[in-house]
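>>> quick one: sequence plus predicted model below, questions after.
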Amino acid sequence: MTHMNRPADPPPSLHRPSFHFGRWIGGGSRSANLVRTLVSFTLLAITWEVVARTLITNRLILVPFTEVLVALQRDLHNGELWLHARTTLLELGIAFPLSVLIGVALGLLIASSRLLQQVLDPILTAMYSVPIVALAPLFIAWLGFGIESKIAVILLVSVFPIIINTEVGLRSTDRGLIETARSFNATGFQIFRTVMLPFSIPFILGGVRVAFARALVGVVVAEFFGAFSGFGYAILAASQTYNTGRLLGYVVILALLGMLSSIALRALEQRLAPWRENNE
């Protein structure tokens, strides 16, 4: 008879975990990241529209966001947007991977030799501090108005953050991890492949993110001084005709390129170094 006095089990619905919107929107899921990004852009667009219509009414300084979209739509229909996008993306597509390869290779080389570090560090620091974009007219004079001069400018602008971050990442490897690997009779190459390189991946990708932002600046400046198409050329042409909507439209596209590259590199970092995300 005792089993008849046992309280009834709660309905199954009471065992289901409740949905917490605040916890979800602050989480790291792809859907939450997408929603946060859309909300951020919506707020920015609304703020831009309100400010341009109420506070800054000078159309030479700022135009409403809707007019920027209209200007981009006009260039999309007449084919100019595709022309400029093809030119700029081709230049970035050739120059930036080269800068990553060269930057990582030089960073590995410098980190492997104390003497090389002592000799090259002052030179790298000086060249990193120099505004390479100011030398763009010289590259145009040396290499002409073709794609070669743009590639040279992008390469020199973006390679130094990758070199420096690669070197710093390798030299920052936890000594305890290295000594542990040595205690298991690991060779120098095995230590590099299984300990130092994985440890430095977040540093390298951080340098790549910074380098891509600098590459966007470099390609625009290079196209300012000598180009017949490209985002930089379009921005310069729009400024000369006081077409603020068109100018800001291409600036928005460049900003979106930078944002998308950052998101992609973050995703790559989570894939290659998942332990870093777990520690955070």
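Okay, I see it.

>>> quick one: contacts for the residue nearest to Phe199 when sequence neighbours are not counted?
Spatial nearest neighbour of Phe199, chain neighbours left out: Thr173 (4.5 Å); criterion: Cβ to Cβ, 6 or more residues apart in numbering. For every residue, glycine as well, the C-beta is placed using N, CA and C. With contact set as Cβ atoms under 8 Å, 6 or more residues apart in numbering, Thr173 has these partners: Val195, Met196, Phe199, Ser200.

>>> try it again with 10 Å
Ala111, Ile191, Phe192, Val195, Met196, Leu197, Pro198, Phe199, Ser200, Phe203 (Cβ atoms under 10 Å, 6 or more residues apart in numbering).

>>> try Leu101
So Leu101 contacts Val159, Ile162 (Cβ under 10 Å, 6+ apart).

>>> pull the distance from the helix or strand harbouring it to the chain's centre.
Secondary structure from DSSP states H and E places Leu101 in helix 80-111. Its chain's C-alpha centre and that of helix 80-111 lie 12 Å apart, by Cα atoms, centre = their mean, to the nearest Å.

>>> circling back to that earlier point, just say helix, strand or coil for the residue nearest to Phe199.
Of the three states, Thr173 takes coil under DSSP: H, G, I helix; E, B strand; the rest coil.

>>> next one: phi and psi at it?
phi -60, psi 140 (degrees, to the nearest 10).

>>> tell me the spacing between it and Phe203.
10 Å (Cβ to Cβ, to the nearest Å).

>>> same deal with Arg271?
16 Å.

>>> so between the two, which is more surrounded?
Between Arg271 and Phe203, counting by other Cβ atoms under 10 Å, Phe203 is the more crowded of the two (22 against 10).

>>> ranking helices and strands of the chain by mean pLDDT, which lands last?
helix 21-25 (a mean of 57; mean pLDDT, DSSP states H and E).

>>> off-centre distance for stretch 190-203?
22 Å.

>>> contacts for that stretch, please.
104, 107-108, 111-112, 162, 164-174, 177-182, 184, 186-188, 204, 207, 268-269, 271-273, 275-277.

>>> mind saving the C-alpha coords of it as CSV?
Extracted in CSV, the C-alpha atoms of stretch 190-203 (Å, rounded to 0.1, in the frame of the first residue of the first chain):
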residue,chain,number,x,y,z
GLN,A,190,58.2,18.1,-33.1
ILE,A,191,58.3,20.8,-30.4
PHE,A,192,57.8,23.5,-33.1
ARG,A,193,54.9,21.6,-34.8
THR,A,194,53.0,20.4,-31.7
VAL,A,195,53.7,23.1,-29.2
MET,A,196,55.1,26.4,-30.5
LEU,A,197,53.0,26.7,-33.7
PRO,A,198,49.6,25.9,-32.1
PHE,A,199,50.4,28.2,-29.3
SER,A,200,51.2,31.1,-31.7
ILE,A,201,48.1,30.6,-34.0
PRO,A,202,46.0,33.2,-32.1
PHE,A,203,48.9,35.7,-32.4
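
>>> all set now, cheers.
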